[in-house]
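Colleague: Return a 3D structure for these sequence lines:
(2 chains)
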Amino acid sequence: KQEVTQIPAALSVPEGENLVLNCSFTDSAIYNLQWFRQDPGKGLTSLLLIQSSQREQTSGRLNASLDKSSGRSTLYIAASQPGDSATYLCADGGGGADGLTFGKGTHLIIQP
Amino acid sequence: AAGVIQSPRHLIKEKRETATLKCYPIPRHDTVYWYQQGPGQDPQFLISFYEKMQSDKGSIPDRFSAQQFSDYHSELNMSSLELGDSALYFCASSLLAGGPNIQYFGAGTRLSVL
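Modeller: Down below sits the predicted model:
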């Protein structure tokens, strides 16, 4: 059974810093890896999806990488802003109509 | 662009009552997923439907059932509600036929069981 772990559980950094959020998974036979953002009490916003055949995806200030051999994915946020404050979750997609397996998230606070 | 629509947004029920949550997927999406997120927890997958047929099943209690209708909307039926069922319930949809199968989430239904 796939297990997804996110480290750190919480992170607080000053505005403007570049930062990396980590996601690890136990089963390297993943179909895709999806990163989400969740604001308190709100829904999940899809940020990036990396398919198993890809190594990275970029969207604006966000870059996500995938290393299946080591069972790791990272989300890089450049030039952080207070509006980036949220919980970031990674999730393993099992393929087809399989449900996602989520990590417990990293709660990120960007200090103005 | 149209998103996933969930109704109601908030629902308050008593123990042992029933509840029905509705989900309207993004137009032309063929797959619907249901998730439960307890307070301070990560979302847990419940069940999914592809082209109106049940596809994958997660940690859905026997007291819950779901279906996808001919217009692709889905309903999650919850009976004999317990205090522990209080949670955010998310519906997601995706286009499985071709493409990377990105799941797009609705805003959720917050269920409170008193």
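Colleague: Please count neighbours and contacts with C-alpha atoms only from this point.
Modeller: Will do.
Colleague: what's residue B:64 in contact with, if anything?
Modeller: Applying CA atoms under 8 Å, 6 or more residues apart in numbering or on different chains, we find residue B:64 in contact with B:76-79.
Colleague: ditto for residue A:70
Modeller: Contacts of residue A:70 (CA under 8 Å, 6+ apart): residue A:28.
Colleague: Find me the pLDDT at it, would you?
Modeller: Looking at residue A:70, its pLDDT reads 92.
Colleague: Can you point out the helix or strand that includes it?
Modeller: Taking DSSP states H and E as the definition, one finds residue A:70 inside no helix or strand.
Colleague: What residues does chain A have near chain B?
Modeller: Proximity of chain A to chain B (CA under 8 Å from any CA of the partner chain) is limited to residues A:34, A:42-46, A:49, A:51, A:96-105.
Colleague: Just the buried ones out of these, please.
Modeller: Applying 16 or more other CA atoms under 10 Å in any protein chain shown to the residues of chain A next to chain B, the neighbour count classes A:34, A:43-46, A:49, A:51, A:96-105 as buried.
Colleague: Closest approach to chain B from chain A, which residue is it?
Modeller: Nearest residue of chain A to chain B: residue A:43, at 4.3 Å (CA to the nearest CA).
Colleague: That residue touches residue B:105, doesn't it?
Modeller: Yes: judged on CA atoms under 8 Å, residue A:43 makes contact with residue B:105 at a distance of 6.6 Å.
Colleague: Check the gap between residue B:84 and residue A:42 for me.
Modeller: Separation of residue B:84 from residue A:42 (CA to CA, to the nearest Å): 20 Å.
Colleague: rewinding a little: which one of the contacts of residue B:64 is nearest to residue B:34?
Modeller: Set against residue B:34, the nearest of the contacts of residue B:64 by CA to CA is residue B:76 (7.9 Å).
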